[in-house]
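Participant: Compute the structure for the input listed below.
(one chain, ligands or ions: 1)
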Amino acid sequence: MTKVCIIGTGEVGTALRNGIEKKPGYEVKTAPHEPTRVRDAAGWGDVVILAVPLSAIGEVLKEMGDGAKGKILVDVTNDFGEETPAISRAEELQRKAPDAKVVKAFNTVFAKHMATGRVKGEAISLFVAGDDPDAKREVMDIGRAIGFLPVDAGPLKNSRWVESLGILNVKLGFGPSNYGDDIGFRVVGVTP
Ligand SMILES: NC(=O)c1ccc[n+]([C@@H]2O[C@H](COP(=O)([O-])OP(=O)(O)OC[C@H]3O[C@@H](n4cnc5c(N)ncnc54)[C@H](OP(=O)(O)O)[C@@H]3O)[C@@H](O)[C@H]2O)c1
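Facilitator: Numbers count the residues shown, from 1 in each chain. Next up, the predicted model:
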């Protein structure tokens, strides 16, 4: 059994819990905004999904303490700041948690599709970037179990492009194009 800990019980945390918890081979625990529960759940999990706002990442890492060591940390954040950061948010997280294996994923998907990996019945792509091949494979497997078509988006450095795609998703949905949130990306020609 792969133990998946989800920190955050908001839109993303809830959708991912619903998507993963009944799938064979996975056990899921979620942690709400309570430091002791965050620490305990993170210590328990093999994979720790940080389903919290970007501004809460530092606080959560502190709460996790040694619980981050050796774990697969999944960064789902999108940064809507005005300035383009010099490095991706995922690389920043890796610097803050050097003993963890950071993987960027799920940020390019609206939360309402995260429990199924589908939009209007069609499977969409899950872009997964990370430097540790086993950690990346583990997150791709979770995505596949949910129903996504996982796409190996390369090393963690590529998170900057995956992060841009996350912003584009929201701009397409709620910017001038106003396509709404029943949209998603799919790369054709990739064998699932
Ligand atoms: N919503 C989307 O469609 C979507 C899509 C892609 C990516 N994302 C990204 O996913 C992340 C979560 O988004 P969301 O929409 O799920 O936000 P949300 O609905 O506001 O939920 C955020 C959750 O994080 C919790 N939280 C905050 N600080 C915490 C802490 N220190 N310890 C534990 N939990 C903490 C909040 O708890 P309290 O409310 O009790 O403070 C809340 O449960 C964000 O980084 C966002 O950019 C969102």
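Participant: Where does residue 73 sit: helix, strand or coil?
Facilitator: strand (DSSP: H, G, I helix; E, B strand; the rest coil).
Participant: residues touching residue 8, list them.
Facilitator: 30-33, 50-52, 56 (Cβ atoms under 8 Å, 6 or more residues apart in numbering). In this view, the C-beta of every residue, glycine as well, is placed from N, C-alpha and C.
Participant: Would you reformat the residues you listed as TSV and include pLDDT and distance to residue 69?
Facilitator: Shown next, in TSV, are these (pLDDT from 0 to 100; distance: Cβ to Cβ, whole Å):
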residue	pLDDT	distance to residue 69
30	97	21
31	97	17
32	96	23
33	96	22
50	98	15
51	98	20
52	98	19
56	97	20
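Participant: And the residues you listed, which of them are buried?
Facilitator: Among the contacts of residue 8, the ones that count as buried by 16 or more other Cβ atoms under 10 Å are 30-31, 50-52, 56.
Participant: thinking again about what came up before, contacting the ligand as well, which ones from the contacts of residue 8?
Facilitator: On the criterion Cβ under 6 Å from any ligand atom, 33, 51-52, 56 are the entries of the contacts of residue 8 that sit beside the ligand.
Participant: The spatially most central residue of the chain and residue 120, how far apart?
Facilitator: The residue lying closest to the centre of the chain (Cα atoms, centre = their mean) is residue 76, at 3.3 Å. Per Cβ to Cβ, to the nearest Å, residue 76 is found 22 Å from residue 120.
Participant: same question, residue 172
Facilitator: Distance, residue 172 to residue 120, by Cβ to Cβ: 15 Å.
Participant: Count the residues that sit near residue 68.
Facilitator: Other residues near residue 68 come to 23 when the count uses other Cβ atoms under 10 Å.
Participant: And the strands in this structure?
Facilitator: Applying DSSP state E to the chain gives strands spanning 2-7, 26-31, 47-50, 72-75, 101-104, 118-119, 122-123, 125-130, 149-152.
Participant: Relative to residue 165, which of the ones you listed is closest?
Facilitator: Relative to residue 165, the nearest member of the strands of the chain by Cβ to Cβ is strand 125-130, separated by 6.5 Å.
Participant: ok now that closest one, how far from the chain's centre?
Facilitator: Its chain's C-alpha centre and that of strand 125-130 lie 9 Å apart, by Cα atoms, centre = their mean, to the nearest Å.
Participant: do the same with stretch 168-183
Facilitator: The answer for stretch 168-183 is 20 Å, by Cα atoms, centre = their mean.
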